[in-house]
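Trainee: Show me how the following folds:
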Amino acid sequence: MSNCFNRDCRLCRNIVISTAVTVVTVDGTDTLVIDIPNGFYADNCRVCLIVAQTIPTTATINMPVAISIGGDTTTVYPIVNCDCSQVTACAIRTRTKYGLCISTSATSAVFKTIKKLPCYPQETLAVIPAPTTTVTTFSLKAKATTKTTTTKGVEA
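Mentor: Numbers count the residues shown, from 1 in each chain. Presented below is the predicted three-dimensional model:
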C-alpha cells in the first residue's frame, strides 16, 4: 500500500510557474509576455518554466515571446532558442514545461531554451494580424451598405 505523504514527493526547486500570460507592446512590437514571480535568476541559472495560463486569443504565430518578472512589463527579457533565434508564440503551449538557461549581462538578460522549440501553430492563434477589407454591396430596395470582413470571411 502506497503512502500519500511520501517524503520524496516534492517539486524541483528550479520549477517556476508563470503568474500571467499577456500580449504587451514592447518597443512598438506586440509581444507575448509570460510573467514569472520575483526570485533569484542568476547567470547560467537553469529553470523549468511551466506556462500555467491560457495563451491570449490576440496572440499571433509570429509574435515574439518574452519574460517579465513580478508583474513589471516595462522590462522584459526575450526567450530565444538554443541557436539564439527568437522564440515565437507558435512554439508556446499552455500547461507545458520549458527548460531555460538564463544568460545575464550588466544591463539585460535573455532566457535561452535548453533544446530548440518546434513551431507548430495552434489552431487558436491567428496566422498573421488579419487585415480587414471593406466590400460595398447594393440592393435595389435600399441604399448601399458596407460590410467589413476579415481575410477569414468572418463578419466584423
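
Trainee: Let me know whether residue 76 touches residue 67 as I believe.
Mentor: Yes: the criterion here is C-beta atoms under 8 Å, and residue 76 meets it with residue 67 at 6.4 Å. C-beta coordinates here come from the backbone N, C-alpha and C atoms, glycine included.

Trainee: okay, and the common contacts of those two?
Mentor: With contacts defined as C-beta atoms under 8 Å, 6 or more residues apart in numbering, the residues shared by residue 76 and residue 67 are residue 33.

Trainee: give me every residue that touches the residue nearest to residue 110 when sequence neighbours are not counted.
Mentor: Using C-beta to C-beta, 6 or more residues apart in numbering and skipping residues adjacent in sequence, the residue nearest residue 110 is residue 103, 5.1 Å away. For residue 103, the contact set (C-beta under 8 Å, 6+ apart) comprises 43, 44, 109, 110, 112.

Trainee: gap between residue 103 and residue 39?
Mentor: 17 Å (C-beta to C-beta, to the nearest Å).
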